[in-house]
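>>> my questions concern the predicted model and sequence given below.
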Amino acid sequence: MRLLLVEDDRMIGESLQRALRLEGYAVDWVRDAAAADGTLASERFDLVLLDLGLPAGAGSGAAARPADGLAVLRALRARHDATPVIVLTARDARGDRVAGLDAGADDYLVKPFELDELNARIRAVLRRHAGRAEPLLLAGGVTLDPASRRVTRDGAAVTLSAREFAVLEALLAKPGAVLSRSQLEDRLYGWGEEIESNAVSVYIHQLRRKLGADFIRNVRGVGYFIDAAS
Ligand code: CA
């Protein structure tokens, strides 16, 4: 899963990026409204964490460039982009929370917040966005729990590395849908992280070894999928 963190406070930004990476997310971080708007207009993320109180940023002098978090959100929705957004607001700013939700945010969190609450809200928003009420991902005797990060095969625990887990989670989120190598790489790596050229093949190989050779199918030259009916 790839997240965009929009936060101008360096300390909060650094600690959130570090903590979310430990949760297995690929996390990119921008610090002003112009950078957020430009990034969201050109790249795809699974979820956005959006601080509302942001500097406008370079290049925002042009008319119609968003000048704060709320404007970034309105611009995103005006492009008919349904990427889930959780807004981060100050404690004394009830009006911001209402405005954020009305501008198209999926949820909000009041600073300062606990990391476990943020993680639970991220999971809940991703689940709703995918149209799932059920918190567990299941297919073919394999169960993945995004909250505990536990995976079982026919009831027995399976130990996966963080990146094997991320590949499995991406494939299980939409059984039957084929994900290309580059779509999987996007979910594994943030900006500036070096992508080993055959990394996805290695993770798929490991997952097949642990979960069964036929569990992950491939369409030659296209990508990988998990059989929805398995
Ligand atoms: Ca701020």
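All right, it came through fine.
>>> name the residues of this structure found near the ion, please.
Residues of the chain found near the ion (CB under 5 Å from the ion) are 8, 51, 53. From N, CA and C alone the C-beta is placed, and that goes for glycine too.
>>> okay, now the second one: neighbour count?
Think residue 51. Using other CB atoms under 10 Å, residue 51 has 24 other residues around it.
>>> so what's it scoring on pLDDT?
What the model reports as pLDDT for residue 51 is 96.
>>> now for it: which residues touch it?
6-9, 69, 87-89 (CB atoms under 8 Å, 6 or more residues apart in numbering).
>>> which stretches of the chain form strands?
2-6, 26-30, 47-51, 85-89, 107-110, 137-139, 142-145, 150-153, 156-158, 216-219, 223-226 (DSSP state E).
>>> may I see these arranged in CSV, with distance to residue 129 as well?
Listed next are the strands of the chain as CSV, based on distance: least, CB to CB, whole Å:
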stretch, distance to residue 129
strand 2-6, 13
strand 26-30, 17
strand 47-51, 8
strand 85-89, 10
strand 107-110, 11
strand 137-139, 14
strand 142-145, 17
strand 150-153, 22
strand 156-158, 26
strand 216-219, 23
strand 223-226, 19
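>>> picking up where we left off before, tell me which of the residues of the chain next to the ion is nearest to residue 186?
residue 51 (23.2 Å; CB to CB).
>>> for the residue of the chain at minimum distance from the ion, the count of nearby residues, please.
Per CB to the ion, the residue of the chain with the smallest distance to the ion is residue 53, at 3.8 Å. Burial of residue 53 is recorded as 16 neighbouring residues (other CB under 10 Å).
>>> isn't it right next to residue 67, touching?
No: counting by CB atoms under 8 Å, residue 53 stays clear of residue 67, with 11.3 Å between them.
>>> what about this protein, any weak spots by pLDDT?
Applying pLDDT under 70 to the chain flags the ranges 59-64, 230.
>>> hey, which helix is longest across it?
Counting residues, the longest helix found in the chain (DSSP state H) is helix 115-129.
>>> where do the helices of this protein begin and end?
When assigned using DSSP H, the helices of the chain occupy the ranges 10-22, 33-42, 69-78, 94-102, 115-129, 162-173, 181-188, 199-211.
>>> make CSV from these and add distance to residue 2 to it.
Output for the helices of the chain, formatted as CSV (distance: least, CB to CB, whole Å):
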stretch, distance to residue 2
helix 10-22, 11
helix 33-42, 11
helix 69-78, 16
helix 94-102, 22
helix 115-129, 11
helix 162-173, 10
helix 181-188, 5
helix 199-211, 14
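>>> could I get those in CSV, plus columns for mean neighbour count and distance to residue 138?
Output for those, formatted as CSV (neighbours: other CB atoms under 10 Å; distance: least, CB to CB, whole Å):
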stretch, mean neighbour count, distance to residue 138
helix 10-22, 15, 25
helix 33-42, 20, 32
helix 69-78, 21, 32
helix 94-102, 15, 31
helix 115-129, 16, 13
helix 162-173, 21, 8
helix 181-188, 18, 20
helix 199-211, 17, 13
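>>> quick one: residue 69 and residue 53 touch, right?
Yes: applying CB under 8 Å, one finds residue 69 in contact with residue 53, separated by 6.7 Å.
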